[in-house]
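A.B. asks: below: sequence and its predicted model.
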Amino acid sequence: MGAPSKAESAQTTEEHLEELERLSDTAGVEVVGSLVQRLDSPHPKFYIGEGKAEELKMQVEAEGATLIIFDDELSPAQGRNLEKLVGTRLMDRAELILDIFATRARSAEARAQVELAQLQYLRPRLTRMWSHLSRVRGGVGMRGPGETQLETDRRMIDHRIVRLKDELERVARTRATQRKGRTGQLRAALVGYTNAGKSSILRKLSGTEVFVEDRLFATLDPTTRTVDAGEGAVALVTDTVGFIRKLPHHLVASFRATLEEARESDVLLHVIDSSHHAWEEQRMVVEEVLASLGLADHPTVLVFNKVDRLTHDEEEGLRARVQGPDEPPAIFVSTVEEGKLEPLSKLLNDEVKKLRPDVWLTLPSSQGGLLAEVYREGEVLEREDKGTEVRLRARVPVAALGRLRSRGVRVYGDG
């Protein structure tokens, strides 16, 4: 069920309904029909107009539908009023996405994140949820929940929310500690619209198994792999949860600990499905979510994936469109065609060199502590012992170079 504004084109509306159908399929729902109404603003009682609500009721009866799914988020009152009128279970897009996340959550962290988002979504809608229970059980004494029971449920939910937030805060602290241990290594985070191919890229880059499925939100847990970027350069690349249009804000908030991997990265690799007809809208959605996380100005590279599905002219046209002084750097890759990930490997190699420049260092041979620090902090490539001095060629983190200079080490070749 879609209720687009009049500003939306018929094609955009169709694309949004197609995505809603795909979400429904991911959740295991069979779609039997659709209904669209163009509105200047949502109706306060039903979200859609009263006449369209009656039309919806007749369509549900004719199709024998047992569930209605709205593409937009409904207020608790709108959902309650519509269910009462139509007499059929109703979900909005936010609840559908939460349901998908619940079935996809594998780790204890992902399950806690999803449960927190579900409880925050459920709390203001408890009255409507109780009405379902009343209809299922029926009978005298079950015509509706008492206010006492509702208040008890709200208190239980509030207590559970507090416990889940504490649990996820502990996870966030643990992740922060783990990230400190990776100091000096390049960290790149794959972000993008769901099903853009992030997991396939990570699997191909790392040569290790990463779960890949042609469905929305195939993976929820961040996966970090060590990637050989060539010339001895190594990077840590993390695959994060995919974004989608109208991602429930509770869900974004719950997954903040996971998305910290993106915040702490040296570079964001924004993966875009170049073969998707609505890639520009998908790019915009991802950029809006990143902005909400405070990452609008984070170093970012656009990674246009699946170029194997484009003709030569289409690829050239795409390259021309995304080049410009106001555009972030862009590369074009494919996990299907041999050698088509080379641009990404080269990018990672260049980023490693920025973070760990290849330099020459000269220090007194008597300073064993300084020499040990260079070996510990960097990667020594060459060594020349010249009397009272040691000359080293090494890749050294920028932060370490500053400390070494302050202690009298002469540094050459770092620009």
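C.D. replies: Arrived safely, thanks for sending. Residues are numbered from 1 along each chain as shown.

A.B. asks: ok, which stretches of the stretch 101-250 of the chain are strands?
C.D. replies: 186-192, 223-230, 233-239 (DSSP state E, counting those that start in this stretch).

A.B. asks: what pLDDT, on average, does the helix or strand residue 271 falls within get?
C.D. replies: Assigned by DSSP states H and E, residue 271 falls within strand 267-273. What strand 267-273 shows for mean pLDDT is 96.

A.B. asks: list the strands paired with that strand, with their directions.
C.D. replies: strand 186-192 (parallel), strand 300-305 (parallel) (DSSP bridges).

A.B. asks: of those strands, give the one that comes closest to residue 328.
C.D. replies: Of all the strands paired with strand 267-273, it is strand 300-305 that lies closest to residue 328, at 4.9 Å by C-beta to C-beta. The C-beta positions use only the backbone N, C-alpha and C, and glycine is treated the same way.

A.B. asks: picking up where we left off before, so which of the strands of the stretch 101-250 of the chain is nearest residue 107?
C.D. replies: So among the strands of the stretch 101-250 of the chain, strand 223-230 is nearest, using C-beta to C-beta, at 10.6 Å.

A.B. asks: which secondary structure elements does the closest one contact?
C.D. replies: Strand 223-230 sits against helix 198-206, strand 233-239, helix 342-355, with contacts defined as 3 or more C-beta pairs under 8 Å, 6 or more residues apart in numbering; DSSP states H and E.

A.B. asks: next, format those as JSON lines and append mean neighbour count.
C.D. replies: Output for the helices and strands packed on strand 223-230, formatted as JSON lines (neighbours: other C-beta atoms under 10 Å):
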{"stretch": "helix 198-206", "mean neighbour count": "22"}
{"stretch": "strand 233-239", "mean neighbour count": "22"}
{"stretch": "helix 342-355", "mean neighbour count": "18"}
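
A.B. asks: out of those, which is closest to residue 117?
C.D. replies: Nearest to residue 117 among these is strand 233-239; the distance by C-beta to C-beta comes to 20.3 Å.

A.B. asks: run the angle between that closest one and helix 342-355 for me.
C.D. replies: 110 degrees (axes from the mean of the first three to the mean of the last three C-alpha atoms, to 10 degrees).

A.B. asks: how distant is strand 233-239 from the center of its chain?
C.D. replies: Put simply, strand 233-239 sits 17 Å off its chain's centre (C-alpha atoms, centre = their mean, to the nearest Å).

A.B. asks: identify the residues contacting the host helix or strand of residue 375?
C.D. replies: Using DSSP H and E, residue 375 maps to helix 368-377. With contact meaning C-beta atoms under 8 Å, 6 or more residues apart in numbering, helix 368-377 is reached by 184, 361, 363-365, 380, 390, 392, 394, 396-397, 400, 403-404, 407-409.

A.B. asks: of all the residues in it, which ones are buried?
C.D. replies: 370, 371, 373, 374, 377 (16 or more other C-beta atoms under 10 Å).

A.B. asks: repeat that for stretch 355-366.
C.D. replies: For stretch 355-366, using 16+ other C-beta under 10 Å, the buried residues are 355, 356, 357, 358, 359, 360, 361, 363.

A.B. asks: alright, calling it a day.
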